[in-house]
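Chemist: Got a predicted structure here, sequence first:
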Amino acid sequence: MATSDIEDSIRSPPRYANCESPGAMDALATTAASGMRARMESLDMLANNLANSSAAGFKADREFYSTYVAAEALDSNEAAGDLSAQSPVVERRWTDFSQGALTPTNNALDLALEGEGFFVAQSPSGAVYTRSGDFHIDSQGLLTTRNGEAVEGSDDNPIHLDPAQPVEVSTSGQVLQNGVPAGQLKLVQFAAPQALSKRGNNSFQLSAADLTPVPSSATVRQGNVEAANVQPAETAVRLVGVMRQFEMLQKAMSLGNQMNQQAIQNVAKASG
């Protein structure tokens, strides 16, 4: 079966209204198609995790599976316990905010957080939160993320530094040059970090208006970056496993289509 045919079948599973006994076979094709769609979403997610496994501060996505039951099945007492009426779906993705390993870089502008919390930076769309602490000093003397967004201090203002002077950062986030305080990093955390949404470049934004950041007690480690919390080998194994499941479901859907075609032919012969 061609790839385009598979995708069309997933979007619109076959229905045979004129066939007297296609129910079980339609359920097979529909369930297989739903399973394929869920596996396709998992493949996209795993591939993205694997692609970002070397990105500092990246947080992996995970999936939460559930089942979908058609409304007509819910209205039928006989179908209430019928597994063929249930279709597997990826109900939602969630972000794994667990700590990544700290990797020494010996770069004074590389900062990692040990414990719960985020650095805060200013973007055109508002405050963004990140664990990616591979910072730089721009042409204006501002401490910025690798994407050029100004890192906020505890006073909600950018931190100004002299690029010609060495930078020291204490474990509490105080920034010093020549022993003189130049700013204090703003570190925050959230009671419900799952309410944060990814915005690209390993940063997050608030997706809930009532979610308020609070000060974080995370420890700042200068000369380190936090590695992605992705295990490449484990992710690659899962990727292969999901691909095999996809192939099995593809065969099941093809078998269901063949059975439906055979049923239609038998009905046509009987009615002729």
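Modeler: Ah, there it is.
Chemist: Please make it C-alpha for all contacts and neighbour counts, starting now.
Modeler: Fine.
Chemist: From Ala112, how far out is Val167?
Modeler: Using Cα to Cα, to the nearest Å, we find Val167 at a distance of 15 Å from Ala112.
Chemist: which of the two has more neighbours?
Modeler: Between Val167 and Ala112, counted using other Cα atoms under 10 Å, the more crowded position is Ala112 (30 against 18).
Chemist: got the CA positions of whichever strand or helix holds the more buried one in CSV?
Modeler: Applying DSSP states H and E as the criterion places Ala112 in strand 111-114. C-alpha atoms of strand 111-114 as CSV (Å, rounded to 0.1, in the frame of the first residue of the first chain):
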residue,chain,number,x,y,z
LEU,A,111,25.5,28.6,33.7
ALA,A,112,23.5,25.6,34.8
LEU,A,113,20.8,25.3,37.4
GLU,A,114,20.9,22.5,40.0
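Chemist: Give the other helices and strands that whichever helix or strand comes after it contacts.
Modeler: Note on strand 111-114: by DSSP H and E, the next helix or strand toward the C-terminus is strand 118-123. Applying 3 or more Cα pairs under 8 Å, 6 or more residues apart in numbering; DSSP states H and E, one finds that strand 118-123 makes contact with strand 126-130, strand 150-151, strand 187-189.
Chemist: got the buried residues for stretch 119-135?
Modeler: Buried residues in stretch 119-135, defined by neighbour count with 16 or more other Cα atoms under 10 Å: 119-122, 127-135.
Chemist: Let's have these in a markdown table, adding pLDDT.
Modeler: Below are the buried residues of stretch 119-135 laid out as a markdown table (pLDDT from 0 to 100):
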| residue | pLDDT |
| --- | --- |
| Phe119 | 98 |
| Val120 | 97 |
| Ala121 | 97 |
| Gln122 | 95 |
| Ala127 | 93 |
| Val128 | 95 |
| Tyr129 | 97 |
| Thr130 | 97 |
| Arg131 | 96 |
| Ser132 | 95 |
| Gly133 | 96 |
| Asp134 | 95 |
| Phe135 | 97 |
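Chemist: Dump those into a markdown table; add distance to Ala268 as well.
Modeler: Formatted as a markdown table, these follow (distance: Cα to Cα, whole Å):
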| residue | distance to Ala268 |
| --- | --- |
| Phe119 | 69 |
| Val120 | 68 |
| Ala121 | 68 |
| Gln122 | 68 |
| Ala127 | 66 |
| Val128 | 63 |
| Tyr129 | 64 |
| Thr130 | 64 |
| Arg131 | 64 |
| Ser132 | 65 |
| Gly133 | 69 |
| Asp134 | 69 |
| Phe135 | 71 |
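Chemist: Quickly check these for the two that are furthest apart.
Modeler: Ala127 and Asp134 (17.8 Å; Cα to Cα).
Chemist: ok, now which ones touch the most centrally placed residue in the chain?
Modeler: Residue closest to the average C-alpha location in the chain (Cα atoms, centre = their mean): Asp61, at 3.1 Å. The neighbours of Asp61, taking Cα atoms under 8 Å, 6 or more residues apart in numbering as the test, are Met45, Leu46, Asn49, Arg93, Trp94, Thr95, Asp96.
Chemist: and stretch 194-202, how far out from the chain's middle?
Modeler: 9 Å (Cα atoms, centre = their mean, to the nearest Å).
Chemist: And this structure, split by domain according to the record?
Modeler: Per the record, the chain has its domains at 3-95+230-271, 102-226, by automatic domain parsing.
Chemist: so where's the stretch 101-250 of the chain uncertain?
Modeler: 209 (pLDDT under 70).
Chemist: how does it look with 90?
Modeler: 125, 191-195, 199-202, 206-212, 231-250 (pLDDT under 90).
Chemist: Please, where are all the helices along it?
Modeler: 232-271 (DSSP state H, counting those that start in this stretch).
Chemist: which parts of stretch 187-207 are buried?
Modeler: Buried residues in stretch 187-207 (16+ other Cα under 10 Å): 187-190, 193, 195-198, 202-206.
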